[in-house]
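Trainee: Sequence and predicted structure, then a few things I'm wondering about:
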Amino acid sequence: MARYTGPKSKIARKFGEPIYGPDKYLEKRNYPPGQHGMAKKRKKTSEYGTQLAEKQKVKYTYGVLERQFRKMYDKAARMKGRTGENLIILLESRVDNLVYRMGIAPSRPAARQLVSHCHITRNGEICNVPSAIARPGDVIAVRERSKSLEVVQDSLSRGNNKYSWIEFDSEKCAGKYLNYPERTEIPETINEQLIVELYSK
């Protein structure tokens, strides 16, 4: 199976950031995994290594495989504006990411599963493609028969984060994608310029 299904804390420690959400193991062991993780004399990372690590971090964060990521980058490069910002906006516009942002699912992997198992609708029609790109004005909602799912109810009970580009009604379990977000509004700590430099070589 191509998608990573191993320990999430290991990946978070690798990048030194809680890319999968709050992580108590990362807080306790804020150093890379492995027997040499605590070694003070670590080899200096090259420019290419830094760029590659940033790309890998984004892929793990949004749960995108290499071929998908490359296609999305090419699409971002053809759009008007800055390629790096366009790439992040496209990633944020994925249906599974919007389900996560609306608070319907506790994590992006959980959101991806809800979408692929036909629990989510887009503009009233069932959407089972997590990588589908939503457009401003699209309405993302939980199917009527899926509203009682434990994972959905638990996630909604925690309260969803408020984002200016999303309008969400917790009673209807539906949200509207109002507009493409500005790069400054997206909370992910990503240096997209490093990815652009990597692919520009």
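Mentor: On my side now, so go ahead.
Trainee: Please enumerate the helices of the chain.
Mentor: Secondary structure of the chain (DSSP state H): helices at 8-15, 24-28, 47-62, 66-78, 83-92, 95-101, 108-116, 150-157, 192-199.
Trainee: Is A53 in contact with K59, as I believe?
Mentor: No. Between A53 and K59 there is no contact, the gap being 10.7 Å when judged by CB atoms under 8 Å. Quick note: C-beta positions are derived from backbone N, CA and C, even for glycine.
Trainee: and this protein, what are its domains?
Mentor: Per automatic domain parsing, the structural domains of the chain span 8-33+45-90, 94-179.
Trainee: which residue ends up closest to the midpoint of the protein in space?
Mentor: Nearest residue to the geometric centre of the chain (CA atoms, centre = their mean): Y62, 2.9 Å.
Trainee: mind listing what it touches?
Mentor: 91, 94, 97, 108 (CB atoms under 8 Å, 6 or more residues apart in numbering).
Trainee: mind redoing it with 7 Å?
Mentor: Neighbouring residues of Y62 by CB atoms under 7 Å, 6 or more residues apart in numbering: 91, 97, 108.
Trainee: Of these, select the buried ones using a ChimeraX command.
Mentor: Here is the ChimeraX command that picks out the buried ones among the contacts of Y62, judged by 16 or more other CB atoms under 10 Å:
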select :91,97,108
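Trainee: and of the contacts of Y62, the nearest to L178?
Mentor: N97 (14.9 Å; CB to CB).
Trainee: For the closest one, give its distance to T50.
Mentor: 25 Å (CB to CB, to the nearest Å).
Trainee: same thing with S155?
Mentor: 35 Å.
Trainee: just E92 next, same as before
Mentor: E92 is 23 Å from T50, by CB to CB.
Trainee: who has more neighbours, the two?
Mentor: E92 (23 against 13; other CB atoms under 10 Å).
Trainee: shouldn't that one be in contact with R183?
Mentor: No. Assessed by CB atoms under 7 Å, E92 is found out of contact with R183, at 9.7 Å.
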